[in-house]
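K.L.:
Pasting the sequence and the predicted model now:
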Amino acid sequence: QVQLVESGGGLVQPGGSLRLSCEASGFTFSRYALNWYRQVPGKDSEWVARISMAGRITDYADSVKGRFTVSRDNAKNQLYLQMNSLKPEDTAMYLCTVSFGGVIYWGQGTQVIVSS
């Protein structure tokens, strides 16, 4: 079955950096675009970034453009999100997603807290 397992979250001071990872299994990783979303209790999920199958095309939400970088390693079935210049408003649960067959699959998420 499809599994997405995020890791790398934690507590970081404003201006700091974190690198999130998403390990995927149960599907042919290299055949699908992947997304990062983030969730804050009481708010709708926010799309953060997207990367194409081969990793050549990326796109970002305006709120993270220039600070976050999405990448992937198809040989390792891994998706990454490098987050720099973090702000308190980046505090959220970060989740990776993949969509195929009319279904969107989500990981369980990794918590990021940006606070001094």
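P.N.:
It's in. Small disclaimer: the values here were computed from a predicted structure and weren't measured. Residues are numbered from 1 along each chain as shown.

K.L.:
show me where this structure has strands.
P.N.:
Remark: strands assigned in the chain by DSSP state E are 3-7, 10-12, 18-25, 34-39, 46-51, 58-60, 68-73, 78-83, 92-100, 103-106, 110-114.

K.L.:
Just the pLDDT at the closest residue to residue 110 other than its chain neighbours, thanks.
P.N.:
Distances taken as CB to CB, 6 or more residues apart in numbering put residue 9 closest to residue 110, at 3.4 Å, once the chain neighbours are dropped. Backbone N, C-alpha and C define where each C-beta goes, glycine included. Residue 9 is assigned a pLDDT of 97 by the prediction.

K.L.:
ok, residue 9 - contacts?
P.N.:
18, 20, 93, 94, 110, 111, 112, 113 (CB atoms under 8 Å, 6 or more residues apart in numbering).

K.L.:
nearest to residue 52, of these?
P.N.:
Of all those, residue 52 sits closest to residue 20, with 18.6 Å by CB to CB.

K.L.:
now that closest one: how far from residue 95?
P.N.:
Here residue 20 is placed at a distance of 10 Å from residue 95 (CB to CB, to the nearest Å).

K.L.:
roughly how far apart are the residue nearest to residue 110 and residue 93?
P.N.:
For residue 9, the distance to residue 93 equals 8 Å [CB to CB].

K.L.:
any residues in contact with both of the two?
P.N.:
Listed as contacting both residue 9 and residue 93 by CB under 8 Å, 6+ apart are 110, 111, 112.

K.L.:
Would you format those as JSON lines with neighbour count and pLDDT included?
P.N.:
As requested, the shared contacts of residue 9 and residue 93 are exported to JSON lines (neighbours: other CB atoms under 10 Å; pLDDT from 0 to 100):
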{"residue": "110", "neighbour count": "21", "pLDDT": "98"}
{"residue": "111", "neighbour count": "13", "pLDDT": "98"}
{"residue": "112", "neighbour count": "21", "pLDDT": "98"}
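
K.L.:
Test my guess that residue 108 contacts residue 6.
P.N.:
Yes: between residue 108 and residue 6 there is a contact under CB atoms under 8 Å: 6.9 Å.

K.L.:
Perfect, that will be all.
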